[in-house]
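Chemist: take a look and give me a structure for this.
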Amino acid sequence: MATETLTIGKALNTGLRRAMERDDKVILMGEDIGKLGGVFRITDGLQKDFGEERVIDTPLAEAGIVGTAIGLALRGYRPVCEIQFDGFVYPAYDQIVCQVAKFRYRSRGNVTLPMVIRIPFGGGIGAVEHHSESPEAYFAHTAGLKVVSCSSPEDAHFMIQQAIASDDPVIFFEPKRRYWEKGPVDTSLGLDAAAPLHSSRVVRPGTDATIVAYGPMVKTSLDAATAAAEDGRSLEVIDLRSLSPLDMGPVYDSVRRTGRLVVVHEAPGNIGLGAEISARVTEECFYSLEAPVLRVTGYNTPYPASRLEEEYLPDLDRVLDAVDRSFGW
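Modeler: Predicted structure coming up:
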């Protein structure tokens, strides 16, 4: 056993290091990821240890970063692109949805594109415009892309390695305001000991209602469950982990037991992941539901100025209010 207490940021760093040690075709690309180690220091020390040919500081050109990575992946490399902030991904959107997502399909499976696009996402850090967005629904909607999001150091360490090992392109969303939160990670374990990449997981058992969340909202949901327990209410919390494909089995099982579901995410509610989950649960668990599926989300506005973000972001009180409303039906 080699269990360490790591932050999510450090766990991502150790996961990237393991992947690079395992396969010399793994290369990292992004703005300021080399000498600086990235704006969040996720790649700190990797250029020093692996060299400038494997940890590449790129120009400020997201379309160029992803376009170059496509060519490298086609030549047998496994590039990992860092998009510095969530709102910076849009210049590369054409490359991602028109090229990255379609290569395997258009080649009838003969051409794989093993690349990972890392995106720090979500708010809560008091940043300026284009630095606090949640664009995951754009990519989860796009056939040909796998989309995942970690919420704990353990998942960060293993999921980034699993994403790099995948022969399909993976959009990897990292909850940036949780980068400094700590948890245990057994770094001695191999990938065969980790949960499958595209699986959801019950992170807190409960009997009275189900909360489904991912990324930064998992901790918020767990905090809500802790607060509800003080009032005698038992909430089950499920971390989706994978946004495309969705692993709905644990969600269905939970809802059939509890009869109530609240879906929580930071992104606006309009045509978000919560709507898809609500539809699927209603189709599969209609006769088990004691109340409508409710959603707690960001508002349908552009992300606000930092002084207003705490009013915008779903918090413990909004989650508990939705749970109360669910029991009011």
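Chemist: identify the residue spatially nearest to residue 189, adjacent ones excluded.
Modeler: residue 158 (7.8 Å; C-beta to C-beta, 6 or more residues apart in numbering). Quick note: C-beta positions are derived from backbone N, CA and C, even for glycine.
Chemist: just list what whatever helix or strand the one you found lives in packs against, helices and strands only.
Modeler: If you go by DSSP states H and E, residue 158 is part of helix 153-165. Under the contact criterion of 3 or more C-beta pairs under 8 Å, 6 or more residues apart in numbering; DSSP states H and E, helix 153-165 touches strand 3-7, helix 8-22, strand 116-121, strand 146-149, strand 170-175, strand 182-186.
Chemist: quick one: that helix to chain centroid distance?
Modeler: Here the centre of helix 153-165 is set off from its chain's centre by 11 Å, with C-alpha atoms, centre = their mean, to the nearest Å.
Chemist: C-alpha coordinates for that helix, CSV please?
Modeler: Provided in CSV are the C-alpha atoms of helix 153-165 (Å, rounded to 0.1, in the frame of the first residue of the first chain):
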residue,chain,number,x,y,z
PRO,A,153,-8.2,13.0,-6.0
GLU,A,154,-8.6,9.3,-6.4
ASP,A,155,-10.7,9.6,-9.5
ALA,A,156,-8.4,12.4,-10.8
HIS,A,157,-5.3,10.1,-10.5
PHE,A,158,-6.9,7.1,-12.2
MET,A,159,-9.3,8.6,-14.7
ILE,A,160,-6.7,10.8,-16.4
GLN,A,161,-4.6,7.6,-17.0
GLN,A,162,-7.6,5.7,-18.3
ALA,A,163,-8.6,8.6,-20.6
ILE,A,164,-5.0,8.6,-22.0
ALA,A,165,-5.1,4.8,-22.5
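Chemist: what sits against residue 126?
Modeler: Shown in contact with residue 126 (C-beta atoms under 8 Å, 6 or more residues apart in numbering): 306, 309.
Chemist: how about 10 Å then?
Modeler: 132, 177, 305, 306, 307, 309, 310 (C-beta atoms under 10 Å, 6 or more residues apart in numbering).
Chemist: next, count neighbours for the fourth one.
Modeler: Read that as residue 306. When counting by other C-beta atoms under 10 Å, one arrives at 16 neighbours for residue 306.
Chemist: what's the answer for the one 10 residues further on, then?
Modeler: The number of residues packed around residue 316, counting by other C-beta under 10 Å, is 17.
Chemist: use 59 as the first number for this chain going forward.
Modeler: Done: numbering now begins at 59, and the last item shifts to residue 374.
Chemist: and the pLDDT for it?
Modeler: At residue 374, the pLDDT value in this model is 96.
Chemist: one more: the one 4 residues further on?
Modeler: The per-residue pLDDT reported for residue 378 equals 98.
Chemist: what packs against whatever helix or strand it lives in?
Modeler: Using DSSP H and E, residue 378 maps to helix 374-385. In this structure, helix 374-385 packs against strand 267-271, helix 275-287, strand 293-297, strand 319-326, strand 352-356, with contacts taken as 3 or more C-beta pairs under 10 Å, 6 or more residues apart in numbering; DSSP states H and E.
Chemist: go through these and pick out the most buried.
Modeler: Counting by mean count of other C-beta atoms under 10 Å, strand 267-271 has the highest mean neighbour count of the helices and strands packed on helix 374-385, with a mean of 29.
Chemist: for that one, packing partners?
Modeler: Strand 267-271 packs on strand 259-262, helix 275-287, strand 293-297, helix 307-316, strand 319-326, helix 331-343, strand 352-356, helix 374-385, going by 3+ C-beta pairs under 10 Å, 6+ apart.
Chemist: go again using 6 Å as the cut-off
Modeler: strand 293-297, helix 307-316, strand 319-326 (3 or more C-beta pairs under 6 Å, 6 or more residues apart in numbering; DSSP states H and E).
Chemist: tell me what angle the second one forms with helix 374-385.
Modeler: Taking axes from the mean of the first three to the mean of the last three C-alpha atoms, to 10 degrees, one finds that helix 307-316 is oriented at 60 degrees with respect to helix 374-385.
Chemist: which parts of helix 307-316 are buried?
Modeler: 308, 309, 310, 312, 313, 316 (16 or more other C-beta atoms under 10 Å).
Chemist: list just the nearest of those to residue 240.
Modeler: Ranked by distance to residue 240 (C-beta to C-beta), the buried residues of helix 307-316 are led by residue 308 at 25.6 Å.
Chemist: burial of the residue lying closest to that closest one once chain neighbours are set aside, as a residue count?
Modeler: Closest residue to residue 308 apart from its sequence neighbours, by C-beta to C-beta, 6+ apart: residue 258 at 5.0 Å. The tally of other residues near residue 258 (other C-beta under 10 Å) stands at 22.
Chemist: how about residue 258, what does it touch?
Modeler: 296, 298, 299, 305, 308 (C-beta atoms under 6 Å, 6 or more residues apart in numbering).
Chemist: and which of the residues you listed is nearest residue 134?
Modeler: Of the contacts of residue 258, the one sitting nearest to residue 134 (C-beta to C-beta) turns out to be residue 299, at 28.6 Å.
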